[in-house]
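Novice: Here is a sequence with its predicted model. Questions after.
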Amino acid sequence: MNARHRARLIVPAAIALACFVTGCTATNAPEPTEADAPSPSASAGPTPTPTAAAFTIPDTTDPVQVAITLKYDGDDPSGEIVAGPAVLVADRPFSIEGQCQGDGVGFEVMTADGEKRVIADGDFDCDDPPAGEFTYQLPYAGPVQVNLTDADDVDQAWVRVVQP
């Protein structure tokens with residue numbers, strides 16, 4: 001084997017080894033674009049969890065909605081309370097849905113009759129909104145009202161009763 005043939009084998013191998021050690025890439029690789037770079041705002045605060053949904057207030061005229069309470073930006077823990085459009089049907093399952101921005105929220109569901117009995121209550125973290133864990137079946141029939149019992153650490157929130 002002559003020296004010229006040996007050089008053809010050794011030089012490319014040496015260049016490949018040098019690139020491997022130093023981390024260089026081929027010259028035809030695309031340059032990073034501005035879109036590939038992390039945005040300045042991405043490092044400025046906490047990144048949202050992949051399952052976190054954008055805060056959206058549901059349609060208050062949803063026919064399966066029995067009641068809803070809404071807290072808007074501000075300190076008032078009960079910005080708006082809406083009964084209906086449906087009424088609770090006795091002995092049929094109903095669920096609590098909700099969403100908030102902040103730490104967490106507490107709620108209570110009470111009869112909207114003269115007795116105003118609490119028929120359900122609970123709380124949830126804004127990072128983990130209710131997904132079926134608040135489901136009840138009671139002998140009560142009629143209108144209900146939802147109240148926020150602890151909303152000091154949230155900017156916005158809604159909690160509603162639905163009965164499909």
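Specialist: Arrived safely.
Novice: Burial check on residue 61, number of neighbours?
Specialist: For residue 61, the count of nearby residues is 9 (other Cβ atoms under 10 Å). From N, CA and C alone the C-beta is placed, and that goes for glycine too.
Novice: For this protein, which segments are assigned as helices?
Specialist: Using DSSP state H, the helices found in the chain span residues 3-22.
Novice: so where's it uncertain?
Specialist: For the chain, the stretches flagged by pLDDT under 70 are 1-53, 74-78.
Novice: Quick one: the strands in it, in order.
Specialist: With DSSP state E as the criterion, the chain has strands at 65-71, 80-83, 94-102, 104-111, 118-125, 135-136, 144-150, 154-162.
Novice: Determine which of these approaches residue 59 most closely.
Specialist: Of all the strands of the chain, strand 65-71 sits nearest to residue 59, with 7.9 Å by Cβ to Cβ.
Novice: okay, the angle between that closest one and strand 94-102?
Specialist: What separates the directions of strand 65-71 and strand 94-102 is an angle of 20 degrees, with axes from the mean of the first three to the mean of the last three Cα atoms, to 10 degrees.
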